[in-house]
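Visitor: sequence and computational prediction follow.
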Amino acid sequence: MKLGIVGLPNVGKSTLFNAITKAGAEAANYPFCTIEPNVGVVTVPDERIKVLSDIHHSKKTIYTTIEFCDIAGLVKGASKGEGLGNKFLGHIREVAAIVHVVRCFENDNIVHVSGKIDPLDDIETINTELILADMESLDKRIQKAQKGAKNDKSLAKELVILQKVNEFLGTGKSARAMELTDDEAAFVDTLELLSYKPIIYVANVAEDDAADDSNNEYVKAVRDFAEGEGAEVVVICAEIEQEVSELDDDEKTMFLEELGISESGLDKLIKASYKLLNLISFLTTGEDETRAWTITNGTKAPQAAGKIHTDFEKGFIRAETINYAALMDSCDGSMSKAKEKGLLRSEGKEYVVKDGDIITFLFNV
């Protein structure tokens, strides 16, 4: 899973990226210090993997990962080549979801590119550039569809949807805010529109608001806006995240507790990403390896098996499974006890994998 971090210059975007990936992208108090998209791979925390690995004395413990891509600051006119221009719109095309960092803090020492703190204006600036880029690509699709629509019913149907989306974008709203039928949504998915990508708005606040943002009017405005798009909002203090990134696990917990913060910004961001992209994890465990595998919620057992190896899916026979919670609650983590108690289930091709399922796949090639 690859997430692209975007934001206007000097909103705390690269500071946040550095903190969550410890990758050391240059964070400077001037625009465009991020020239190439910096990429950092982050391990997804999962206590279940550690517990199972300890129980089975696994030789290898493998967590699932998320790739964060720090995309250079966009400015007004980017779709027309302003600032660093279209190159960076291209980088956004490659990600599964957008993490849009907006500034919700006051600080006279950090210059804002627009000269004022206004998160909704910041959101509009970047969304407008994505919308304009989308409209440009839609214009080409519409012209092509118009030529063949008279003699092709499916093309005529596509043309109607293309025009509907284009008109909606013309109102200044992102494609993700559209109400679409299932068929329309399936087609719009294929268009790879920038403004249709799932988005998480990260409200970057001052340290004083990190534990309780209820008095921060900027955050409230971002939440109200995001609700209209069906988007997620995560409130983070990038400066605190930077401090946390330098600590070990025990120190990190104590530090956050002292500040009255229940979990790190990275953990909040990962949870929001999984929710937004409708993802879950199933687990495999044994003496050789304990591992988490990320799949889309609703995936059936053979396709989940294919995540491990294509041969597993081709020759799928059945899946032996027990959910992690049941294993721990009823069997103290012992698979042999689960077998004795008859709690280890045998599931076929139609079984829909659940989050936390521990699975052994049986297959024949």
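Guide: Yes, it's here. Numbers count the residues shown, from 1 in each chain.
Visitor: and this structure, what are its domain boundaries?
Guide: Following automatic domain parsing, one gets these domains for the chain: 2-276, 298-363.
Visitor: for these, give me a markdown table that also has mean pLDDT, mean neighbour count and distance to residue 283.
Guide: Where C-beta positions appear, they are placed from N, C-alpha and C, glycine not excepted. Formatted as a markdown table, these follow (pLDDT from 0 to 100; neighbours: other Cβ atoms under 10 Å; distance: least, Cβ to Cβ, whole Å):
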| stretch | mean pLDDT | mean neighbour count | distance to residue 283 |
| --- | --- | --- | --- |
| domain 2-276 | 85 | 17 | 6 |
| domain 298-363 | 95 | 17 | 5 |
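Visitor: now render these as a markdown table, adding distance to residue 285.
Guide: Formatted as a markdown table, those follow (distance: least, Cβ to Cβ, whole Å):
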| stretch | distance to residue 285 |
| --- | --- |
| domain 2-276 | 4 |
| domain 298-363 | 6 |
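Visitor: and the ones you listed: which comes nearest residue 287?
Guide: domain 2-276 (5.7 Å; Cβ to Cβ).
Visitor: need the contact list for residue 203.
Guide: Taking Cβ atoms under 8 Å, 6 or more residues apart in numbering, we find residue 203 in contact with 102, 104, 119, 213, 216, 218-219, 222-223, 233-236.
Visitor: filter those residues down to just the ones in strands.
Guide: 102, 233-236 (DSSP state E).
Visitor: residues in contact with residue 259?
Guide: 207, 210-211, 240.
Visitor: partners of residue 199 in the sheet?
Guide: The partner list for residue 199 in beta bridges (DSSP bridges) reads residue 98.
Visitor: from residue 56, how far off is it?
Guide: Separation of residue 199 from residue 56 (Cβ to Cβ, to the nearest Å): 39 Å.
Visitor: helices along the stretch 101-250 of the chain, start to end?
Guide: Shown for the stretch 101-250 of the chain, the helices assigned by DSSP state H, counting those that start in this stretch span residues 119-148, 153-169, 182-190, 217-229, 238-244, 249-259.
Visitor: pull the following helix or strand past the last one out as CSV, backbone CA atoms only.
Guide: Once helix 249-259 ends, the next helix or strand along the chain (criterion: DSSP states H and E) is helix 265-276. Backbone C-alpha positions of helix 265-276 (Å, rounded to 0.1, in the frame of the first residue of the first chain) are rendered in CSV as follows:
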residue,chain,number,x,y,z
GLY,A,265,0.0,10.0,15.1
LEU,A,266,1.5,7.2,13.0
ASP,A,267,-0.8,4.6,14.6
LYS,A,268,-3.8,6.9,14.1
LEU,A,269,-2.8,7.4,10.5
ILE,A,270,-2.4,3.7,9.8
LYS,A,271,-5.8,2.9,11.3
ALA,A,272,-7.4,5.6,9.3
SER,A,273,-5.7,4.3,6.1
TYR,A,274,-6.9,0.8,6.7
LYS,A,275,-10.5,2.1,7.3
LEU,A,276,-10.4,4.4,4.3
